[in-house]
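In: What follows is a predicted structure for the sequence shown.
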Amino acid sequence: MGSLIPIGGGADGEIQGRLNAAFNDSNIKIVRTKVAGEDLFTDHHHLHRIAYRLGAYPIGNYGSDDAKGKWFFFLKKILKDATHNGRSTATSIKKILTYAMTHASGADKVMRVTFQAVNGTDPNADHFVASGNPVEPGNPVSKADIAKLVDTAGTLSILLVCPKPLPDQSSSVPDQSGDLDRDDQGNIIEKPPIKIFTPQNLSPPKLSPKTRSPIQKGGGKGPYKKAAKAKKKAKKRR
């Protein structure tokens, strides 16, 4: 993701991969089902908490660099306070994701959401979402402007412009009761299931060195195992 977390690109790639997996062609349906009972992208839902619940955070080992802590600090502090074009970047992101949730059918259907970060040219600017039109300012919030982020294949692309790498500051994993999203009266607005995905759910499957197919749980049983057996039998008949 550009140089969001400047530790060799590994954590950036891991974060981008998890976000893309959470909103891929299949998983976006799970998120939409969840949103039907609890709108995850309202003003009272916070990005660091949403990312935790979606499993969209790094779990890799990066030595002394706390990639997970930096990511949650970014979402909880930096992105929360970022503005561009007079608009909140966090609000723009949640408006865009709301658009993806509500456009599940029809000619303007969103099939998937992809995430990418690039380096900006102004180191003094805040982080912002690039517009679908180069001549327009970023942080789109209207449906008309957000629609420009969707291509003809139904891919809604969120491009985050990052002015500079993150500071070496961390926040704890938001799994404490004090981090639960609440309304203005202090009532918890989160509804089960709290964890929609885990990072492991969103990790690429391990491939068999022989079949190059995903290894199934339970000793390799499943359709890939059956396909491998059928292939082996076919070779014997030759």
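Out: Yes, it's here. Here the structure is a predicted model, which is why all the values come from computation and not from measurement.
In: can we go C-alpha only for contacts and neighbour counts from here?
Out: OK.
In: Could you count how many residues lie near residue 215?
Out: 18 (other CA atoms under 10 Å).
In: no wait, residue 164
Out: Neighbours around residue 164, by other CA under 10 Å: 21.
In: Now do the phi/psi pair for it.
Out: Torsion angles at residue 164 (phi, psi; degrees, to the nearest 10) stand at phi -160, psi 160.
In: Next: residue 84.
Out: Dihedral angles for residue 84 - degrees, to the nearest 10 - are phi -160, psi 140.
In: what's the nearest residue to residue 164 if we skip its chain neighbours?
Out: On the basis of CA to CA, 6 or more residues apart in numbering, the spatially nearest residue to residue 164 that is not a chain neighbour turns out to be residue 123, at 5.7 Å.
In: That neighbour - that's part of a strand, no?
Out: No: under DSSP: H, G, I helix; E, B strand; the rest coil, residue 123 falls outside any strand and is assigned coil.
In: and the gap between it and residue 165?
Out: 9 Å (CA to CA, to the nearest Å).
In: do the same with residue 92
Out: 21 Å.
In: Specify which residue of the two has the higher count of neighbours.
Out: residue 92 (21 against 14).
In: what's near enough to touch that one?
Out: Contacts for residue 92 were tallied using CA atoms under 8 Å, 6 or more residues apart in numbering; they are 129, 139-141.
In: Which among those residues count as buried?
Out: 129, 139-141 (16 or more other CA atoms under 10 Å).
In: of these, closest to residue 212?
Out: Within the buried ones among the contacts of residue 92, the smallest distance to residue 212 is 37.1 Å, found for residue 129 (CA to CA).
In: Show me what the closest one is bridged to.
Out: Residues in a beta bridge with residue 129, per DSSP bridges, are residue 160.
In: Let's see the pLDDT reported for it.
Out: In this prediction, residue 129 carries a pLDDT score of 97.
In: Could you pull out the strands in the chain for me?
Out: Here the chain has its strands, by DSSP state E, at 83-84, 87-88, 112-119, 128-129, 155-162.
In: Which other helices and strands does the third one contact?
Out: For strand 112-119, the contact count by 3 or more CA pairs under 8 Å, 6 or more residues apart in numbering; DSSP states H and E identifies helix 10-22, strand 155-162 as packing neighbours.
In: Including mean neighbour count, mean pLDDT and distance to residue 40, could these go into TSV?
Out: Shown next, in TSV, are the helices and strands packed on strand 112-119 (neighbours: other CA atoms under 10 Å; pLDDT from 0 to 100; distance: least, CA to CA, whole Å):
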stretch	mean neighbour count	mean pLDDT	distance to residue 40
helix 10-22	22	92	14
strand 155-162	22	95	17
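In: any chance of those in CSV, with distance to residue 66 too?
Out: Formatted as CSV, the helices and strands packed on strand 112-119 follow (distance: least, CA to CA, whole Å):
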stretch, distance to residue 66
helix 10-22, 10
strand 155-162, 19
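In: between these, which one is nearest to residue 211?
Out: Per CA to CA, nearest to residue 211 of those: helix 10-22, 23.2 Å.
In: What helices and strands are in contact with the closest one?
Out: Against helix 10-22 (3+ CA pairs under 8 Å, 6+ apart) you get helix 27-37, strand 112-119.
In: Contact partners for the residue lying closest to residue 122 once chain neighbours are set aside?
Out: Leaving aside its sequence neighbours, residue 122 sits nearest to residue 163 (CA to CA, 6+ apart; 5.8 Å). Residues in contact with residue 163 (CA under 8 Å, 6+ apart) are 119-127.
In: Distance-wise, check residue 163 relative to residue 54.
Out: 26 Å.
In: what's the answer for residue 10, then?
Out: Per CA to CA, residue 10 is found 20 Å from residue 54.
In: for residue 61, same thing?
Out: 20 Å.
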